[in-house]
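Undergrad: Structure of the sequence below:
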Amino acid sequence: MSSSAVLTSRPVLDFTSVQVTEAMNRSFEEYFVPLVFTPATFERRFRGEHLDAEASRLWFQGEELVGLVLIARRGWTSRVAAMGLVIEARGQRLGQQMLQAALDEATTRGDHSMLLEVFIPNERARRLYERLGFRNTRELFTFRRLPAAVETETPLREVDPLAVARLVAAYGEAAIPWMFAPESLMAVSAPARAFTLDDKAYVMLRPEAERTLVQTVLVRPEYRRQGWGRQLLQAVEAAYPGPALIMPMITRGVGYDFLQATGWEPLELALYEMVCELK
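TA: Numbers count the residues shown, from 1 in each chain. From the prediction side, this is the model:
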């Protein structure tokens, strides 16, 4: 793939879900963590993140795919939901042109900021983002709880995930990371499920083949610091004793300390959330 050939782009609107998913999978081959989508899992994830199919683009040199930049939008804020290059196009500084185009378009449409997440060890990507004006705002951690023999007599009761998302909007922490903000949680669908413990504590999770992804944990304000969060996690561990429980996008603070105190462990592969203020 020639680095001197002209780059062109087309909006995701011009392609089928199958074509976009294939481009996504090719652009994330040999990535830090495995990312492989089917059209169904692609649509399920990015619909909740408010992907803008007009602002999101596939990039080409001639007829050859170079990569993609997927943009999600809420109000005056844009987010790089995914950015990747096919193996043959890496190391040629093509990503800078692609991301600069996304920033220019966001500025033109009146957005105030663009944010993204990047794995901390991915120094090449971090340097690129810094050159284009992004700065670190906070670290995001992933916690894991390995399967263990847990017994509890406190049953979980299944509830509507939408009801839990509304509770997170009303009582959750401010500035929850984009992927698990209440706006994202309101769009979840099966196989995601939500449960409550005595209408005092709530959890939303998505069982998968190799893990169970915990998307949110909430205790109503009037019941906090009474042990309900710990009881809830024990009930979840008892109900899902198979693959590891994974809870991503945790910031330092009360939630971080709580998970450590309940036996969850932070994984080494953390993220930076970065933001670029647009003029």
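Undergrad: mind showing which ranges of the chain have poor pLDDT?
TA: For the chain, applying pLDDT under 70 flags the ranges 1-4, 150-152.
Undergrad: hmm, 50 instead?
TA: For the chain, no stretch has pLDDT under 50.
Undergrad: for the residue most central in space within the chain, what are its contacts?
TA: Centrality entry for the chain: nearest residue to the mean C-alpha point is residue 179, 4.0 Å, by Cα atoms, centre = their mean. Counting by Cβ atoms under 8 Å, 6 or more residues apart in numbering, residue 179 touches 49, 248-249. All C-beta atoms are positioned from the backbone trio N, CA, C, and that covers glycine.
Undergrad: Distance of it relative to residue 51?
TA: Plainly put, residue 179 is 12 Å away from residue 51 if you go by Cβ to Cβ, to the nearest Å.
Undergrad: hey, where'd the helices end up in this structure?
TA: 17-27, 39-48, 94-108, 123-131, 161-171, 182-185, 228-239, 254-261 (DSSP state H).
Undergrad: Now find how far off-centre the second one is within its chain.
TA: Between the centre of helix 39-48 and the centre of its host chain there is 12 Å, according to Cα atoms, centre = their mean, to the nearest Å.
Undergrad: Any chance you could list what contacts that helix?
TA: 17-18, 20-21, 24, 37, 70, 72, 81-82, 184-189.
Undergrad: How many residues are close by the nearest residue to residue 168 once chain neighbours are set aside?
TA: Distances taken as Cβ to Cβ, 6 or more residues apart in numbering place residue 182 nearest to residue 168, at 4.5 Å, with adjacent residues excluded. By other Cβ atoms under 10 Å, 17 other residues sit near residue 182.
Undergrad: do residue 39 as well
TA: Look at residue 39: counted by other Cβ under 10 Å, it has 15 neighbours.
Undergrad: who's in contact with the residue lying closest to it once chain neighbours are set aside?
TA: Closest residue to residue 39 apart from its sequence neighbours, by Cβ to Cβ, 6+ apart: residue 17 at 4.2 Å. Going by Cβ under 8 Å, 6+ apart, residue 17 touches 39, 42-43.
Undergrad: Would you mind measuring from residue 17 to residue 42?
TA: 7 Å.
Undergrad: Check residue 275 too.
TA: From residue 275 over to residue 42 (counting by Cβ to Cβ), the distance is 25 Å.
Undergrad: Between those two, which has more neighbouring residues?
TA: Counting neighbours by other Cβ under 10 Å for residue 275 and for residue 42 shows that residue 42 has the greater number, 21 against 18.
Undergrad: Can you tell me how far the more buried one is from residue 58?
TA: The gap separating residue 42 from residue 58 is 13 Å, by Cβ to Cβ.
Undergrad: Likewise for residue 245?
TA: Using Cβ to Cβ, residue 245 is found at 35 Å from residue 58.
Undergrad: Check residue 109 too.
TA: Shown here: residue 109 relative to residue 58, a distance of 19 Å by Cβ to Cβ.
Undergrad: what ranges do the strands span in the stretch 101-250 of the chain?
TA: Remark: strands assigned in the stretch 101-250 of the chain by DSSP state E, counting those that start in this stretch are 113-119, 135-145, 157-159, 193-197, 201-207, 212-219, 245-250.
Undergrad: on that earlier part again, compare residue 109 and residue 58 (neighbour count), which wins?
TA: The neighbour count for residue 109 versus residue 58, taken as other Cβ under 10 Å, is higher for residue 58 (22 against 14).
Undergrad: For residue 163, list the residues it contacts.
TA: Residue 163 makes contact with residue 194, according to Cβ under 8 Å, 6+ apart.
Undergrad: actually residue 267, not the one I typed
TA: Contact analysis of residue 267 by Cβ under 8 Å, 6+ apart lists 141-144.
Undergrad: How about residue 194?
TA: 158-161, 163-164, 202-205.
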